[in-house]
Every structure is written in C-alpha cells, then in structure tokens.
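Visitor: Sequence isn't available, so here's the structure alone:
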Ligand SMILES: Nc1ncnc2c1ncn2[C@@H]1O[C@H](COP(=O)(O)OP(=O)(O)OP(=O)(O)O)[C@@H](O)[C@H]1O
Ligand SMILES: [Mg+2]
C-alpha cells in the first residue's frame, strides 16, 4: 500500500494504491491526514485508480476524512473508483458526503 | 445439500491475514468459474467477517479464526467464518446498518456489506464463547460457447 500526495493550489490529491482494508487503513489515514494538516486545502481529492480492493474499512476512512474536513468547511472528492469499490461506496451512501467523480 | 469440495483452515487473528483469507477464498471459489464481480463480492464479504474477528471478537488477545469453504450442488458456495472470541450480545442490533460499538474510524457497515454481496448470511453467537458466520452465494453458470 502507498499514498502519493500532490498539491496544486487549494487542492490536495492523495493517490492511493494497493488494497484498502483494516490492515492498511491506518497507514493510509496517517499519510492523508499529515498532508491535510500541512497544506490546509479547501479541497481533498482521494484518487482510487490504483486501489485493487476495498471493504468497509475504506468507508470508515472516507467518512473519517469527511468529518475532519467539514470542521474547516473543506470539500471531499472521490475519483476513479473501480466497479467493486463503487458498489461499496454506494451501499454506504458516500455520494451524500463526497463528490464521486470520474468513474 | 451435496458437497463436492471443501477446504478448512485456521489463521491467527492478525490483520495481515485479511488479505491472505481473501486470496484463499478467491482461489477456492475459482473452481465454480465465477465472474469477476462474483469473486469480488465473495472476497469483500469474507474480508468483512475476518476483520470483525480481529477487531471485535479478539480485542485483547490474538485468537484463532476458523475459515472453511464448501462447493455445494447447484453451483453454490458456502463459507463459514468462526471465532472463539467475546461473542455478540444482540445479533439483530449488530446487523443493523451503521451500528458499531467502535466509534471513530469504523462505519458499522460490515454486516450490511455481507448481506448485500452474498445471497444468505446467518449469524450465530454466544457471549463469551464466540461467533459463527455462515454465508452462501449461488454462482451463475456461464455457458461456454466452444464447449
Ligand atoms: N465476530 C464478532 N465478535 C464480536 N462482535 C462482533 C463480531 N462481528 C461484529 N461484531 C459486533 O457487531 C458490530 C457491527 O459489525 P459491522 O461489521 O457491521 O460494523 P463494524 O465492524 O463496527 O464497522 P465496519 O465493519 O464498517 O468497519 C460491531 O461493531 C461489533 O460490536
Ligand atoms: Mg466490521
């Protein structure tokens, strides 16, 4: 698993890769939160292009980031989810919290 | 129900075994020639059940997780995941979407995922004794054109 961070203006994009489960979630969360703390973006984009698997631990990660961003009025955006990931996101109603883009 | 093949194993309740359990179940289910979507459904459901054993059943110690799979008649796969951990006080409540006893980074959606991705999910639990999840899914029979 790895997280690559790119900053452009007010946007921080986290390119996630590997399998997102309970085993990997903590390290991903820490990497994302560090980048958000450092850059204070108005928009956080989580890019799932290279995530090969995700279960409800990924939903916990998305919901946790949403709660943190809401405190500062920042926006959360989720991009490039595979079919499997999209179905888990839909089940959780994530589209009510974050923009789901570019499938 | 007639059983055509079976495996069983146990693993230590360590998070590194979540991915291992997913890989095992995919390899076993492959014998039924599932679609990619069906394989993903099964992997996701197993991941939820195994993770629950690690996160909830064995909070303080590293116990064992017992996993078995059966290929039954009519292209049905039956998967059993058992722990000898703390047990669930109220199973019906635990299965409600968004219900979680661990706040923060857990969504409370594990059972909802299992129920939506498998055909049947049965939960048996006794406080202090442990929990058993039995899930089944019928794999579509794909018609081979060059058979
Ligand atoms: N094997 C188990 N042993 C003991 N308690 C369990 C077990 N599995 C589930 N539970 C209880 O049932 C609740 C709901 O489980 P569920 O998987 O739906 O959500 P969660 O694990 O809390 O969150 P998520 O799966 O979304 O990360 C848990 O919070 C826990 O209290
Ligand atoms: Mg769970």
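Guide: Great, that's in hand. Predicted, not measured: the structure shown is a model, and the values here were computed from it. Ligands and ions are numbered 1, 2, ... in the order given.

Visitor: who's in contact with residue B:117?
Guide: A:87, B:41, B:42, B:44, B:45, B:137 (CB atoms under 8 Å, 6 or more residues apart in numbering or on different chains). C-betas here are computed from N, CA, C, even on glycine.

Visitor: How about chain A: which residue is closest to ligand 2?
Guide: Distances between chain A and ligand 2 by CB to the ion are smallest at residue A:56, namely 5.7 Å.

Visitor: Quick check: the gap between that residue and residue A:78.
Guide: According to CB to CB, to the nearest Å, residue A:56 stands 15 Å off from residue A:78.

Visitor: Of those two, which one has the most company?
Guide: A count of neighbours by other CB atoms under 10 Å in any protein chain shown puts residue A:56 above the other of residue A:56 and residue A:78, at 28 against 25.

Visitor: just checking, the more buried one touches residue B:105?
Guide: No: between residue A:56 and residue B:105 there is no contact under CB atoms under 8 Å: 10.5 Å.

Visitor: measure the residue nearest the centre of chain B to residue B:138 for me?
Guide: Centroid-nearest residue in chain B: residue B:46, 3.2 Å away (criterion: CA atoms, centre = their mean). Residue B:46 sits 16 Å away from residue B:138, going by CB to CB.

Visitor: likewise residue B:15?
Guide: 30 Å.

Visitor: Equivalent analysis for residue A:11, please.
Guide: Residue A:11 sits 45 Å away from residue B:138 when distances are taken as CB to CB.

Visitor: Where does the prediction get shaky in chain A?
Guide: Under the criterion pLDDT under 70, no range of chain A is flagged.

Visitor: ok, now with 90
Guide: A:1, A:99-103 (pLDDT under 90).

Visitor: Would you map the helices across it?
Guide: With DSSP state H as the criterion, chain A has helices at A:22-39, A:56-71, A:83-91.

Visitor: Ligand 1: which of those helices is closest?
Guide: For ligand 1, the closest of the helices of chain A is helix A:56-71, at 3.4 Å, according to CB to the nearest ligand atom.

Visitor: Tell me which residues are up against that closest one.
Guide: A:20-22, A:25, A:28-29, A:32-33, A:36, A:44, A:46, A:51, A:75-76, A:78, A:85, A:88-89, A:92, A:94, A:97-98, B:48, B:51, B:104-107, B:109-110, B:112-113.
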